[in-house]
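**Q** Could you work out the structure for the sequence below:
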Amino acid sequence: MERASAGATITKIRAIHGRMLTQEDYRILASKKTVTQVAQYLMEHKRFSDVLSGINVNTIHRGYLEELIVKSNFEMFLKLRDFQHLRHAEFYNSVCLKYETQQLLSLIDSIFSKTRASFISGFPAFLINNTKLDFVELSKCASLQELCSKLGCTQYKKPMEQIASLGDNADYLTCEVILRTYYYKKLMSSVKNDLSKSDATLISSAIRSELDVRNIVNAYRMKKYFGAGSEEIRSKQLPFTKLGKAKMEKLYECTTDTEMVEYVRKTSKAAATLFDRSDFIETEMAKINLRSARKLLRTQSMPAVFYAFLQLCDVEAANIVHIIEGIRYELPREKIEELIAY
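**A** Predicted coordinates for the structure are as follows:
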């Protein structure tokens, strides 16, 4: 079967992007008082009218609403992949690896917190037919060692062995770094192996920028909330960087969270105009990903446009979750808006 034209896929993605939530939509949503009101607005919006069709907005739980939105994005990614007949290309299947990684981390978190029963009840059903992992069986694991044993015949063998070897020194953040490092190395490898040099250059740059954002936010949190030193912060960082290793090393050496914010503003052109409110560094840094993705979306590279769209959908879904959480904790509209990246 002939592959659909790259131009058709780009057009399709840009058309969907044109229906995504706007700054005005977010402001309206931030003014809502209940999850029911949020669900009603989204149901009537062209972006989510199909996925929310038929639900009872008066009884919908916030967790289920969030799952429906994530499910909608996941299924859309698969449709775009299959539209190009790229089911067997590792790069286009990285979205499945990403979701698997997130669920493994949720499972590990439930093992640490001894809430494994709640893990399977909150497991996204849409992933069942798109993963080779038996999460029902995995959810029975009571320890990291047991989980490592059950994943011994899967691609996660090496990272899980690394986690299990930590023994009593294991903590969630270290486990997250190990698994996300594995994911990003696989992603970068697929970019190099599956794509043309020009496409790979565009996407690898976007991934490195995304990792800078993750590492900066992580370093800031560790410094602000736990007073972590440079060595501890350095040990919890993900690989690859666009900003540069030397500049990231200087970030880790900052003595306070405020110093970190000022350093990032002076060092990163992308962050120079951000951080009006350093209390919400996650939102400010998410804006960098948003700008990068929008720029990538304007290229004529189908793989780059595909990856940019993944990032844009992630930011949109995160914004909705922040709005729902803000309403849950009865934050005023102004505070909720500060949590939204647009």
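
**Q** wait, doesn't Ile336 sit right on Ile28?
**A** No. The criterion here is C-beta atoms under 8 Å, and Ile336 misses it with Ile28 at 11.4 Å. (Glycine included, C-beta is placed from N, CA and C.)

**Q** Neighbour count: the two, which is higher?
**A** Neighbour count, other C-beta atoms under 10 Å: between Ile336 and Ile28, Ile336 has more, with 23 against 16.

**Q** Grab the nearest non-local neighbour of that one.
**A** Once flanking residues are discounted, Ile336 sits nearest to Gly326: 3.6 Å by C-beta to C-beta, 6 or more residues apart in numbering.

**Q** I figured that neighbour was touching Ala30, is that so?
**A** Yes. With contact defined as C-beta under 8 Å, Gly326 counts as touching Ala30 (7.1 Å).

**Q** Now do the shared contacts for those two.
**A** Ile336 (C-beta atoms under 8 Å, 6 or more residues apart in numbering).

**Q** pLDDT weak spots in the stretch 151-300 of the chain?
**A** Within the stretch 151-300 of the chain, the stretches with pLDDT under 70 are 275-279.

**Q** show me where it has helices.
**A** With helices called from DSSP state H, counting those that start in this stretch, the stretch 151-300 of the chain shows them at 157-164, 172-194, 197-226, 230-235, 245-252, 257-267, 281-297.

**Q** and Lys245, how many neighbours?
**A** Residue neighbour count, defined by other C-beta under 10 Å, stands at 9 for Lys245.

**Q** Identify the residues contacting stretch 304-318?
**A** 9-10, 13-14, 16-17, 20-21, 66, 69-70, 73, 76-77, 80, 92, 95, 199, 202-203, 206-207, 210, 286, 289-290, 292-297, 299, 341.

**Q** what does stretch 52-69 give?
**A** If you take C-beta under 8 Å, 6+ apart as the criterion, stretch 52-69 is touched by 35-36, 38-40, 42-43, 48, 51, 122, 124, 317, 320-321, 324, 328.

**Q** what about it, distance to the chain center?
**A** Its chain's C-alpha centre and that of stretch 52-69 lie 21 Å apart, by C-alpha atoms, centre = their mean, to the nearest Å.

**Q** what's the span of that stretch, first residue to last?
**A** In terms of C-alpha to C-alpha, to the nearest Å, the two terminal residues of stretch 52-69 are separated by 8 Å.

**Q** so for that stretch, what's the average pLDDT?
**A** What stretch 52-69 shows for mean pLDDT is 91.
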